[in-house]
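Undergrad: Need a 3D model of the sequence below.
(one chain, ligands or ions: 2)
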Amino acid sequence: MAIEETSYAALWRTRVRRNISFIAVAVPGPKETNTLHIFMHKIFFFAVLATIVIANACNQEGTPGMQVPGKSGVPDSALAGKTMFEASCVRCHGMDASGLSGPSLKRPKLSHATDLESFTKVVITGISGTGMPGHWDLTDTDCAHLYAYISYLRKQGMETPAGDTAAGRLVYNKSICISCHVYNGEGTSIGPELSNIGASRSPSYLRQALIDPGAALPESTDLVNGYGFSLYLPVKIVTKEGKEITGLRVNEDTYTIQVKDLSNNYYSFDKDDLASLEKVYHTSLMPSFKNTLTDEEIENLVAFLYKSGN
Ligand code: HEC
Ligand code: HEC
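TA: Ligands and ions are numbered 1, 2, ... in the order given. Prediction:
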């Protein structure tokens, strides 16, 4: 970015130099002594100067056909995409596209959006069964602008977690992850499958999931189940017959709720049959590993999870 700022400054200096030599040529020589003439020269001089200042100010917006980076260093060709990205994508993909609850778009190899065509399809129709919603209001041209901006961000550098992936795999094996997650066909599906997790979540989100699991539950973008519906929400149910069930909400509508318990047994209840239904927001069935793993082990585990699917 510093290089671009410097080249912009160099361009500006060239322009100023060109303008100064223009003044030197255009203003008549100082030999005249007539005061009216001197007065006229001064007016002429200031008029030329004002024109130059205004012209330069307009030029800051960029000359067509010339890639003059704006103050942020973003080339003009990507500015329209930047505005759209900030309006519709940053809440899941982060300000610089390195990801939040959505994946980093600065992975060396993207899984779905491999070129402009597949990118446009992913953005407009979404990825069904995942947290990536469709953006039906965007056009192909909007997507081309977004693609230009994301390509620019990708050129700034890729997102690579610092941890050691092989050491992270050992941390995964020795921890109790397998009792609740499936990884490459092994384990129990109480929580979400982790085999491809790096393609759908960012390193910062993965770190948070291990340290503070209740902070952000995965959200549904399925229009049938409800947009923004918290998945894996812990619930405590007591039926009118006195039966108690603690588990995760799988689905819910106005009259019924479906729940699974820690042994992966599924239950469906009519809400009329319940004595109480408590939804425990901002908590997770997953324990925090903040005090059971060291910072280094957490970083290695993040690197291992992030690598899965990349
Ligand atoms: C509600 C959160 C959310 C929003 C808003 C969102 N995304 Fe996504 N996006 C996701 C998730 C989650 C995935 C990963 C899906 C998966 O599991 O494969 C994803 C995947 C993608 C992919 C595919 C990445 C790959 O590996 O190929 C692209 C490209 C993408 N999003 C671009 C965008 C753009 C551009 C916008 C704004 C117009 C946007 N997204 C808005 C959550 C979101
Ligand atoms: C007692 C069951 C349990 C154990 C043990 C457990 N998890 Fe989880 N995990 C869950 C549940 C339930 C969720 C979904 C709710 C949430 O995100 O907090 C989850 C969510 C996650 C997520 C976020 C997934 C997403 O897409 O949002 C990651 C990453 C994760 N777990 C990794 C691990 C790792 C790594 C271990 C072992 C160190 C582990 N979990 C141990 C139950 C568990």
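Undergrad: Quick check: the gap between the residue positioned nearest the centre of the chain and ligand 2.
TA: Nearest to the geometric centre of the chain sits His93, at 1.4 Å (Cα atoms, centre = their mean). Plainly put, His93 is 15 Å away from ligand 2 if you go by Cβ to the nearest ligand atom, to the nearest Å. No exception for glycine: its C-beta is placed from N, CA and C like everyone else's.
Undergrad: heads up, I number from 26, so please use that
TA: Right, with 26 as the first residue, what we last looked at is His118.
Undergrad: Roughly how far does the nearest residue to Gly182 once chain neighbours are set aside sit from Leu318?
TA: Closest residue to Gly182 apart from its sequence neighbours, by Cβ to Cβ, 6 or more residues apart in numbering: Lys131 at 7.2 Å. Distance, Lys131 to Leu318, by Cβ to Cβ, to the nearest Å: 26 Å.
Undergrad: And for Lys332?
TA: The gap separating Lys332 from Leu318 is 18 Å, by Cβ to Cβ.
Undergrad: Residue of the stretch 26-175 of the chain closest to ligand 2, please.
TA: When you check the stretch 26-175 of the chain against ligand 2 by Cβ to the nearest ligand atom, the closest residue turns out to be Ser126, at 7.4 Å.
Undergrad: Can you classify that residue as helix, strand or coil?
TA: Taking DSSP: H, G, I helix; E, B strand; the rest coil as the rule, one finds Ser126 in the coil state.
Undergrad: Return the residues in contact with it.
TA: In this structure, Ser126 makes contact with Cys117, Gly156, Arg226, Ser227, Tyr230, Ala241, Pro243, Glu244, judged by Cβ atoms under 8 Å, 6 or more residues apart in numbering.
Undergrad: Ranking by neighbours, what's the top pick from those?
TA: Comparing the contacts of Ser126 on neighbour count, Ser227 comes out first with 27 neighbours (neighbours: other Cβ atoms under 10 Å).
Undergrad: Spell out which residues sit in contact with it, please.
TA: By Cβ under 8 Å, 6+ apart, the residues touching Ser227 are Gly119, Ser123, Gly124, Leu125, Ser126, Gly127, Pro128, Ser129, Glu184.
Undergrad: Tabulate those in TSV, adding columns for pLDDT and distance to Ser136.
TA: As requested, these are arranged in TSV below (pLDDT from 0 to 100; distance: Cβ to Cβ, whole Å):
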residue	pLDDT	distance to Ser136
Gly119	93	18
Ser123	91	16
Gly124	91	13
Leu125	90	18
Ser126	89	17
Gly127	91	13
Pro128	93	8
Ser129	93	12
Glu184	79	15
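Undergrad: Pick out the most distant pair among these.
TA: The largest separation in the contacts of Ser227, counting by Cβ to Cβ, is between Ser126 and Glu184 at 14.9 Å.
Undergrad: That's all I had, so thanks and see you.
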